[in-house]
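J.: build me a model from this:
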Amino acid sequence: MGARILDGRQVAQSRRDRLEKDIANYKSMTGTVPGLATVLVGDDPASEVYVGNKRKASTQAGIRDFHRRLPAGASQAEVKAVLADLAAESDVSGILLQLPLPAGLDPTPLLEVIPAEKDVDGLTAASVALLTQGLPGLRPCTPSGVIALLDATGVEMEGKHAVVVGRSELVGRPLAQLLLQRHATVTIAHSRTIDLPGITCGADILVVAAGVPGLIGAEHVKKDAIVIDVGIHRTRGGLVGDVKFDEVEEIASWITPVPGGVGPMTITMLLENTFTAHKMQKEATVGIAASPMVSHHE
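T.: Numbering: from 1, shown residues only. The predicted structure follows:
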């Protein structure tokens, strides 16, 4: 008997349907709607597709679209000025600077222009500090999406051994923090880990975000583990992940497909973050009641 497929498209759509209703209800009560500002610098085709998908999904959910596009030759100061203007704009609830940036631009100081309360990607130093300390804040979208998928299995994370393969600032490290906040015992493995199968075979929950196609095979997975594949790679044979799906499906209890697993969740969590940010900002300025600004999945 093979693993059950953890369908990210289905989970994402269910959450988006609920979010759309919540935003509509909030608008009817307060007369306000969230606004998402996407900032795209240059003409990278993949980035154009990603931003286009985010804008389309946000408008479908009832979120206002504030898009800014700058040429590839834009200076650091020009990009910073656009971000500063958006940070000061009261109708903008969240700001997303699409990465990677063109050569010559340093993303770190640019991200720091985004206030923590509008950092819907959860990437600024302030957001990272809030996450690390377990304080309320906006959480990175892909790690939050992984947690939402784990919630969808109905399996309790508390006390489980979770292994995260990958230590990036975007996925691996923040995901480890979110798993710790769910009281899992967490191990982070990476490219320099000795005896990777010896580490991963102890995992009740195995999340792979290493960026290496087919890194994880049957020899890496404990029977009935939950396997979440964050990787996605374009090959001649189509899109593949970091996990050898056909091998691991025979061993795991749950497994995410590629595509259709983690990917759809990332944009969904961006939309949820934008709505959460909007409610908190309105509460702070005009006293509208709202829920605390925390991750939806902690």
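J.: ok, the closest residue to Gly35 other than its chain neighbours - how many residues close by?
T.: Taking CB to CB, 6 or more residues apart in numbering, and ignoring the residues beside it in sequence, Gly35 has Arg64 as its nearest neighbour in space, at 3.9 Å. For the C-beta atoms, the positions are set from N, CA and C on the backbone; glycine is no exception. Residues near Arg64, counting by other CB atoms under 10 Å, number 17.
J.: what does Gly237 give?
T.: 6.
J.: quick one: contacts for it?
T.: Contact partners of Gly237, counting by CB atoms under 8 Å, 6 or more residues apart in numbering, are absent.
J.: confidence score at it?
T.: Looking at Gly237, its pLDDT stands at 88.
J.: which helices and strands sit right next to the helix or strand Lys282 falls within?
T.: Lys282 belongs to helix 263-286 when assigned by DSSP states H and E. In terms of contacts (3 or more CB pairs under 8 Å, 6 or more residues apart in numbering; DSSP states H and E), helix 263-286 is packed against helix 8-30, strand 35-41, helix 45-60, strand 94-97, helix 141-153.
J.: buried ones in the shortest one?
T.: Burial within strand 94-97, assessed by neighbour count using 16 or more other CB atoms under 10 Å, is assigned to Gly94, Ile95, Leu96, Leu97.
J.: how about the helices in the stretch 151-298 of the chain?
T.: With DSSP state H, counting those that start in this stretch, the ranges of helices along the stretch 151-298 of the chain come out as 172-181, 196-200, 245-249, 263-286.
J.: closest one to Gly211 among those helices?
T.: helix 172-181 (10.0 Å; CB to CB).
J.: residues in contact with that closest one?
T.: Applying CB under 8 Å, 6+ apart, the contact partners of helix 172-181 are 122, 128, 131-132, 134, 139-140, 142-144, 146-147, 157, 162, 164-167, 186, 188, 190, 205, 207, 209, 295, 297-298.
J.: Gly211 reaches Gly231, doesn't it?
T.: Yes - counting by CB atoms under 8 Å, Gly231 is a contact partner of Gly211 at 6.0 Å.
J.: higher neighbour count, these two?
T.: Gly231 (24 against 17).
J.: and the more buried one, what are its phi and psi?
T.: Dihedral pair for Gly231: phi -70, psi 150, per degrees, to the nearest 10.
J.: what's around the residue lying closest to it once chain neighbours are set aside, how many residues?
T.: Spatial nearest neighbour of Gly231, excluding adjacent residues (CB to CB, 6+ apart): Asp242 at 3.2 Å. Using other CB under 10 Å, Asp242 has 22 other residues around it.
J.: how close does Asp242 get to His220?
T.: Going from Asp242 to His220 by CB to CB, to the nearest Å gives 10 Å.
J.: could I get the buried residue list for stretch 118-127?
T.: Buried-residue list, stretch 118-127, by 16+ other CB under 10 Å: Lys118, Asp119, Val120, Asp121, Gly122, Leu123, Thr124, Ala126, Ser127.
J.: do the same with stretch 153-168
T.: Neighbour-count burial for stretch 153-168, counted by 16+ other CB under 10 Å, picks out Thr153, Met157, Lys160, Ala162, Val163, Val164, Val165, Gly166, Arg167, Ser168.
J.: next one: stretch 178-198
T.: Leu178, Leu179, Gln181, Arg182, Ala184, Thr185, Val186, Thr187, Ile188, Ala189, Thr193, Leu196.
J.: residues in contact with the fifth one?
T.: The neighbours of Ala184, taking CB under 8 Å, 6+ apart as the test, are Met157, Glu158, Gly159, Lys160, His161, Ala162, Ile205.
J.: which one of these is nearest Phe275?
T.: When the contacts of Ala184 are compared against Phe275 (criterion: CB to CB), the nearest one is Met157, at 24.5 Å.
J.: quick check: closest non-adjacent residue to the closest one.
T.: Arg182 (4.1 Å).
J.: dump the buried residues of strand 94-97 into JSON lines; add distance to Leu70 and pLDDT as well.
T.: As requested, these are exported to JSON lines (distance: CB to CB, whole Å; pLDDT from 0 to 100):
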{"residue": "Gly94", "distance to Leu70": "19", "pLDDT": "98"}
{"residue": "Ile95", "distance to Leu70": "14", "pLDDT": "98"}
{"residue": "Leu96", "distance to Leu70": "14", "pLDDT": "98"}
{"residue": "Leu97", "distance to Leu70": "10", "pLDDT": "98"}
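J.: and the furthest pair within these?
T.: The distance between the two most remote of those (CB to CB) is 11.1 Å, for Gly94 and Leu97.
J.: how many neighbours does the closest residue to Gly73 other than its chain neighbours have?
T.: Using CB to CB, 6+ apart and skipping the chain neighbours, the partner closest in space to Gly73 is Pro102 (7.9 Å). If you count neighbours by other CB under 10 Å, Pro102 ends up with 16.
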